[in-house]
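> pasted the sequence and its predicted model underneath.
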Amino acid sequence: MEEAGSVRLNASTVIRPTARLAYQELADGAGGVLLHLETGQYHGLNSVGALVLNLVGDGTRFGDLVDAVRAQ
């Protein structure tokens, strides 16, 4: 059973970051901080989250993203 608001991804689903987001990598390279520019909510990213955000770039297929994370 699927939860309300959940999204199902398959390998060909393209993932793109929203333009309403600002990202700052931490100086020690151990992650970063995301800021949603409309809501003011911010979230800390660990090194894996930062890697995923960098790999997504302007957009990538979910399957390619999974392969790239596994390769790291």
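Structure's in. What do you need? Residues are numbered from 1 along each chain as shown.
> OK, contacts around S47?
Residues near S47 by Cβ atoms under 8 Å, 6 or more residues apart in numbering: 29-31. (Each C-beta comes from the backbone N, C-alpha and C, glycine too.)
> just among the residues you listed, which is most surrounded?
G31 (16 neighbours; other Cβ atoms under 10 Å).
> roughly how far apart are that residue and D67?
Separation of G31 from D67 (Cβ to Cβ, to the nearest Å): 22 Å.
> same question, Y23
22 Å.
> mind listing what the most centrally placed residue in the chain touches?
The centroid of the chain falls nearest to L53 when counting by Cα atoms, centre = their mean (3.9 Å). Residues in contact with L53 (Cβ under 8 Å, 6+ apart) are 17, 23, 32, 34, 45.
> low-confidence stretches in this structure?
1-5 (pLDDT under 70).
> change it to 90
1-9, 17-18, 27-30 (pLDDT under 90).
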